[in-house]
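Asks: coords please:
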Amino acid sequence: MNDLGITEIPVHRNGNICDLFSKTKYMEHMGSGISRMNAEMLKFGLPKPKFSNDDNLFKVILYGPNGKFNKSKFLEKCDLNSRQESALIELDKGKGFTIKEYAEMFNVSRFTASRDLNYLIENGLIRKVKRGNKFYFLPF
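Replies: Numbering: from 1, shown residues only. Reported below is the predicted structural model:
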């Protein structure tokens, strides 16, 4: 366990699962996940994850900011436009919206609304949830 993220050659516990995920967007580079995870945690001033392998159970502990998360510092890392910033403020009030509502709120096309919202999803700032036949964009 002590060499996780340090070894040059990744060791895979289940080759079939690894092969499957390597063909999806969920696994971009074999053997780079832990070093990328460490870098992202450090980028936001958080400690590196802790790994353990006890009783044939692999655990990863991700340390949070202990209630000291500085949202404005986090948002500095993202290149948000004024619509996206305003949308996050609205979402902080607890109200979600659809792409159509976002487009109407900011007087933009559905394409622009979709691009804006997808950027927020990709950066982990909002989530997309299906309710009935519509998708809603909600805060985490």
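Asks: and Gln84, what does it touch?
Replies: Residues in contact with Gln84 (C-beta atoms under 8 Å, 6 or more residues apart in numbering) are Asp116, Tyr119, Leu120. Backbone N, C-alpha and C define where each C-beta goes, glycine included.
Asks: ok, and the closest non-adjacent residue to Ala113?
Replies: Of all residues beyond its chain neighbours, the one nearest Ala113 is Ala103 (4.0 Å), with distances taken as C-beta to C-beta, 6 or more residues apart in numbering.
Asks: what residues are up against the one you found?
Replies: Counting by C-beta under 8 Å, 6+ apart, Ala103 has contacts Ser109, Arg110, Thr112, Ala113.
Asks: quick one: buried ones out of those?
Replies: Among these, those classed as buried by 16 or more other C-beta atoms under 10 Å are Thr112, Ala113.
Asks: all strands for this protein, in order.
Replies: 50-54, 57-61, 126-131, 134-139 (DSSP state E).
Asks: just those strands: most buried one?
Replies: Highest mean neighbour count of those: strand 134-139, a mean of 16 (counted as mean count of other C-beta atoms under 10 Å).
Asks: now it: average pLDDT?
Replies: What strand 134-139 shows for mean pLDDT is 90.
Asks: and if you look at stretch 111-127?
Replies: 90.
Asks: columns distance to Asn81 on top of the contacts of Ala103, output as a markdown table?
Replies: As requested, the contacts of Ala103 are exported to a markdown table (distance: C-beta to C-beta, whole Å):
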| residue | distance to Asn81 |
| --- | --- |
| Ser109 | 14 |
| Arg110 | 16 |
| Thr112 | 10 |
| Ala113 | 12 |
